[in-house]
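# could you look at this predicted model? Sequence included:
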Amino acid sequence: MRNVLQEYIHKHPKSFTMANGVQLRRVDEDFYKDVSEEDVARQLEIVRGLIYLNEAKHCAAKETTKACFKKLLKQSGVFSEHEIEVLLL
């Protein structure tokens, strides 16, 4: 799980910035000696939640764009409903 989170964070660094209210920092072995298992689990849940939120925003944006294209294609009168559906797959 740690590797998957690290890869995601590396691919989407803008989702994890102080501007978004998030501060990620590297920690060493000593950090884990000083925190409880519950704290680490809670922090992982927060990061997972941020990832889900980021993905949901991208999904919503794609659907909004798709709906806009569909409306414009319909208004053009050039394509049938079926053709529009096929185009937007």
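It's in.
# check what contacts stretch 45-60 and list those residues.
When contacts are defined by C-beta atoms under 8 Å, 6 or more residues apart in numbering, stretch 45-60 is touched by residues 5, 8-9, 12, 15-16, 22, 24. C-beta: built from backbone N, CA, C; applies to glycine.
# TSV for these, including pLDDT?
TSV is the format used below for the contacts of stretch 45-60 (pLDDT from 0 to 100):
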residue	pLDDT
Leu5	78
Tyr8	85
Ile9	82
His12	83
Ser15	77
Phe16	77
Val22	75
Leu24	79
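# of those residues, buried ones?
Neighbour-count burial within the contacts of stretch 45-60 applies to 8-9, 15-16; the criterion is 16 or more other C-beta atoms under 10 Å.
# export the residues you listed to JSON lines and append columns for secondary structure and distance to Ala60.
Written out in JSON lines, the entries for the buried ones among the contacts of stretch 45-60 read as follows (DSSP: H, G, I helix; E, B strand; the rest coil; distance: C-beta to C-beta, whole Å):
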{"residue": "Tyr8", "secondary structure": "helix", "distance to Ala60": "19"}
{"residue": "Ile9", "secondary structure": "helix", "distance to Ala60": "21"}
{"residue": "Ser15", "secondary structure": "helix", "distance to Ala60": "15"}
{"residue": "Phe16", "secondary structure": "coil", "distance to Ala60": "20"}
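# from those residues, which is closest to Ser76?
For the buried ones among the contacts of stretch 45-60, the minimum distance to Ser76 (C-beta to C-beta) is 35.8 Å, reached by Ser15.
# list the buried residues for the least confident helix or strand in the chain by mean pLDDT?
Considering only helices and strands, the least confidently modelled element of the chain by mean pLDDT, DSSP states H and E is helix 2-11, at a mean of 80. Residues of helix 2-11 classed as buried: 8-9 (neighbour count, 16+ other C-beta under 10 Å).
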